[in-house]
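Peer 1: curious how this folds, go ahead:
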Amino acid sequence: MAECDPWAVAISFWGYGNLQCSDEAVFAALCERGLQIMQEFTPHDCASALVGIARLRVRPRCQREFVDVLLNHTHDLLSRVQSWRTREIANILWALSRIGAAGPSRRALLEGLLEMTMWRLPEFRMMEICVIVYSCGRLQLRLPLQLARITEHIAARMSEMNPTDAAHVVWGCAKLGIQPGGDLLERLPEVLVKQLMAAKPQEICNVLYGYGSLRYEHPLLLESVARVCPQRLQDFSTQDVCLVIWSYGMLGYYPESSELFHTACRVLLQRSNRLIPLQLTMAAKSFARVMYQPEPEFMQQLSQLAIQKLHQFSPLELSQLLWAYARLGYRDVQLFEAAVATVIQTLSTRRLPKTTIDTVVRACEMVGFWPQLLVDAAEMRGVIVKTTKQNQSADMEQLLPLLPDAVSSLDPVDESGGTSNGPGQSAAVEVWDPELLQQQQLQQQLDLQHQHRPAPPALTAKSLQWQRISGSFVQQQQEAHQQQHQHDDRQQRHDTSSSLSLQQHHHQQQQQHSGPVQLLRPPSRL
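Peer 2: Predicted coordinates for the structure are as follows:
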């Protein structure tokens, strides 16, 4: 190791990274030698070493310390602008997206590299500039003005793009939620469609993910993928298959040929044991968004898998799965009962978002089931569930058939916290009136007391005799009460007349001593 120069250390890290091999003793020796000759590293040496380290999954402590020193030295080299090549800038940005850019020193290096990129933008090759956009997406580095200028430069050189470049650019912009400039999304399919057969499955998925995430519908791209991909879908990973369906669902686009969806259902059934809850939810929800009706066998298998892995579902995934079944009109009694019970159990330990509970309740309503226990549990947690059909419950064994117009009007709950009304539905306006509310509550209590009042027992001879005796006793009590009331009235009138005579006598005595007094108004009658 004592004879290794900076290039030897850098190329060793690069080779181990490409081979995905890890040897802690070798790494310790390379890091020790690298720290000794760090001042001799060039930008090319820094880029090669960082790319190799970024590809390694396991990084020992000595390697992490070496990376910190190497990044600081790379930042010092930014002052030598003429010694930097465009490839080295792109490689270091890619390595930072893998290693991480947290901390002041790494952030300063990142900003310096991007500033150098904007200065020398025309010098970059297409692959290098697309990798920079991809790296910004991984780093969640939102720079709208800079990215708009970069994507406009890419759009001007559209003919040089290949599927890998297209996947990097579209995926990076989608992760940042920024529309690329220069009409790139509109013009890209014209170049990409000709190369679809040569594109890798992951590249196709990344392009579709970008268009779906940015909500940019391009029929040429979607129809071409629906025509080409069914023959290649077996080569796609399970995640890639779900991403393809998810992209069509996000755009709500139903292609002219449904062969892509049929093939996706067959592939997912073959790999059903490997499906995770997120993939189950993505598939069902995407089919529901485009209103594609899978075969009953697929939906039954999907519900059985969901019930088996119910403890692995998050409440949000469960709510979206139930929404998909309700929208497609599949009424699986066991799935709905198990899902609602799971949500109630989760509510007993922690509070759930209102949108999640609203989605579950609305899905249950659409299949004719009113989850009263879930509504009560939510209200105990301070979540008031607003529904379109209150107090309309039905047993799960007696589910009502779904009407087509009712199914088409069901939309998922918005993430912003509100619900979207279907066609022909309007939001009701509630007027807050405390007195009216109190009267309604009192009337509801009286109705409940009347409902729970036991029915009178059948009358027998003894009960009739007891009724007559008790009736005569009650009548006597009422007569005595009336007599007492009349006596009290006579006593009150006598007291009133006595007080009036005393007042008149006192008034006459005052007139005799002080003379006559003229009254302005007649005295009030007591």
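
Peer 1: C-alpha from now on. contacts and neighbour counts both.
Peer 2: Will do.

Peer 1: flag the shaky bits of the stretch 301-450 of the chain, pLDDT-wise.
Peer 2: 387-450 (pLDDT under 70).

Peer 1: helices along the stretch 51-200 of the chain, start to end?
Peer 2: Ranges of helices in the stretch 51-200 of the chain, per DSSP state H, counting those that start in this stretch, are 61-76, 86-99, 104-119, 126-139, 144-156, 163-176, 184-192.

Peer 1: of all the ones you listed, which one comes closest to Ala2?
Peer 2: Ala2 sits nearest to helix 61-76 of all the helices of the stretch 51-200 of the chain, at 17.0 Å, using CA to CA.

Peer 1: let me see the mean pLDDT of the closest one.
Peer 2: Averaging pLDDT along helix 61-76 gives 90.

Peer 1: and it, what does it pack against?
Peer 2: helix 24-36, helix 43-55, helix 104-119 (3 or more CA pairs under 8 Å, 6 or more residues apart in numbering; DSSP states H and E).

Peer 1: what residues does the second one touch?
Peer 2: Translated: helix 43-55. 6-7, 9-18, 20, 59, 67, 70, 74, 77, 83-84, 88-89, 91-92, 94-96, 98-99 (CA atoms under 8 Å, 6 or more residues apart in numbering).

Peer 1: quick one: it to helix 86-99, angle?
Peer 2: Using axes from the mean of the first three to the mean of the last three CA atoms, to 10 degrees, the direction of helix 43-55 lies 30 degrees away from that of helix 86-99.

Peer 1: so helix 43-55 versus helix 61-76, what angle?
Peer 2: Using the same axes, to 10 degrees: helix 43-55 against helix 61-76 is 140 degrees.

Peer 1: and helix 43-55, how far out from the chain middle?
Peer 2: From the chain centre to the centre of helix 43-55 is a distance of 38 Å (CA atoms, centre = their mean, to the nearest Å).

Peer 1: CA atoms of it as PDB?
Peer 2: Taking Å, rounded to 0.1, in the frame of the first residue of the first chain, the C-alpha atoms of helix 43-55 are listed here in PDB:
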ATOM      1  CA  PRO A  43     -10.800  16.000  -9.500                       C
ATOM      2  CA  HIS A  44     -10.700  12.800 -11.600                       C
ATOM      3  CA  ASP A  45      -9.400  10.800  -8.600                       C
ATOM      4  CA  CYS A  46     -12.000  12.200  -6.300                       C
ATOM      5  CA  ALA A  47     -14.800  11.400  -8.800                       C
ATOM      6  CA  SER A  48     -13.700   7.800  -9.300                       C
ATOM      7  CA  ALA A  49     -13.300   7.100  -5.600                       C
ATOM      8  CA  LEU A  50     -16.600   8.700  -4.700                       C
ATOM      9  CA  VAL A  51     -18.500   6.700  -7.400                       C
ATOM     10  CA  GLY A  52     -17.000   3.400  -6.200                       C
ATOM     11  CA  ILE A  53     -17.800   4.200  -2.500                       C
ATOM     12  CA  ALA A  54     -21.400   5.300  -3.500                       C
ATOM     13  CA  ARG A  55     -22.000   1.900  -5.100                       C
END
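
Peer 1: before we move on, the earlier item: tabulate the helices of the stretch 51-200 of the chain (CSV), appending distance to Ala54 and mean neighbour count.
Peer 2: CSV is the format used below for the helices of the stretch 51-200 of the chain (distance: least, CA to CA, whole Å; neighbours: other CA atoms under 10 Å):
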stretch, distance to Ala54, mean neighbour count
helix 61-76, 10, 16
helix 86-99, 5, 21
helix 104-119, 14, 15
helix 126-139, 13, 22
helix 144-156, 24, 18
helix 163-176, 18, 24
helix 184-192, 30, 17
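
Peer 1: want to throw these into JSON lines with distance to Arg33?
Peer 2: Listed next are those as JSON lines, based on distance: least, CA to CA, whole Å:
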{"stretch": "helix 61-76", "distance to Arg33": "10"}
{"stretch": "helix 86-99", "distance to Arg33": "21"}
{"stretch": "helix 104-119", "distance to Arg33": "23"}
{"stretch": "helix 126-139", "distance to Arg33": "30"}
{"stretch": "helix 144-156", "distance to Arg33": "39"}
{"stretch": "helix 163-176", "distance to Arg33": "36"}
{"stretch": "helix 184-192", "distance to Arg33": "47"}
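
Peer 1: what about Ala284, how many neighbours?
Peer 2: The number of residues packed near Ala284 is 27, by other CA atoms under 10 Å.

Peer 1: which residues sit in contact with the nearest residue to it once chain neighbours are set aside?
Peer 2: In space, and not counting its chain neighbours, Ala284 is closest to Ala324: 5.7 Å by CA to CA, 6 or more residues apart in numbering. When the contact criterion is CA under 8 Å, 6+ apart, the partners of Ala324 are 284-285, 287-289.

Peer 1: look up phi and psi at Ala324.
Peer 2: Main-chain dihedrals, Ala324, degrees, to the nearest 10: phi -60, psi -40.

Peer 1: that one and Gly177, how far apart?
Peer 2: The gap separating Ala324 from Gly177 is 26 Å, by CA to CA, to the nearest Å.
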